[in-house]
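In: whatever this is, show me its structure:
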Amino acid sequence: MRKFFVLTLVLTGFLLAGNAIATDESATKEECVIKCHEAAALVNSKGLEEAIKQIGNPKGPFVWKDSYVFLMNMDGKMLAHPIQPELTKQPHLLLMTDPTDKALFVHFVNLARTVGHGWVEYMWPKPGKSTPSKKLTYIYRVPNQDVFVGAGVYVGGMVY
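Out: So this is what the prediction gives:
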C-alpha cells in the first residue's frame, strides 16, 4: 500500500510538472509587449544595423517560446524576421494577405503610423507549421524612428 501511495505521488508530481511546462510553452501578451519595448530600445541604443542582426537571429534574445519579434519600416518592408527571413527579401509586404484576405501588413503600418502601438488580429502559421492559426500581434513604433516592431501570441496556445 505504501509503494502504491508513493508511486501515485510521484506520478501526480510528473503530471503536474508536465502541465506547468506545457502552459509555459505559449507566449503571453505581456511578454510580447515587453519584448517589443526591449527591441525598440535596442534600435535606439545600438542602431538599426545591430538591431536587424539581433532581431533576425533565430537563436537570439527576441525568439522565445512560440513567439518572436520582427522589425519593419513604415513602407511595409520587413527588415528582420527570425523565423521567415525570406520575408526580408521582398521590397514590401503590403500586398500580402492572410487566408481571410486581411492585408495584415497594411494594418501593422497604419497602426504604427497613427496610434503608434496596439494589437492586430489575423491568421498566421505557428513556427514550424504550415497551417495558419489565429494570432494577435502587438505593434510598437520605435520612438523617434520610422520603424516598428511586432510580436504575437497564437490564440488557443501552441498545438503539438
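
In: any low-confidence regions in the protein?
Out: Residues of the chain meeting the criterion pLDDT under 70: 1-24, 157-160.

In: ok, which stretches of it are helices?
Out: 2-23, 29-46, 48-55, 104-114 (DSSP state H).

In: same for the second one, what does it pack against?
Out: Pointing back at helix 29-46 there. Counting contacts by 3 or more Cβ pairs under 8 Å, 6 or more residues apart in numbering; DSSP states H and E, helix 29-46 packs against helix 48-55, strand 67-73, strand 132-141, strand 147-154. Backbone N, C-alpha and C define where each C-beta goes, glycine included.

In: could I get those as JSON lines with mean neighbour count?
Out: Listed next are these as JSON lines, based on neighbours: other Cβ atoms under 10 Å:
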{"stretch": "helix 48-55", "mean neighbour count": "17"}
{"stretch": "strand 67-73", "mean neighbour count": "25"}
{"stretch": "strand 132-141", "mean neighbour count": "20"}
{"stretch": "strand 147-154", "mean neighbour count": "24"}
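
In: stretch 35-43: which residues count as buried?
Out: 35-37, 39-40, 42-43 (16 or more other Cβ atoms under 10 Å).
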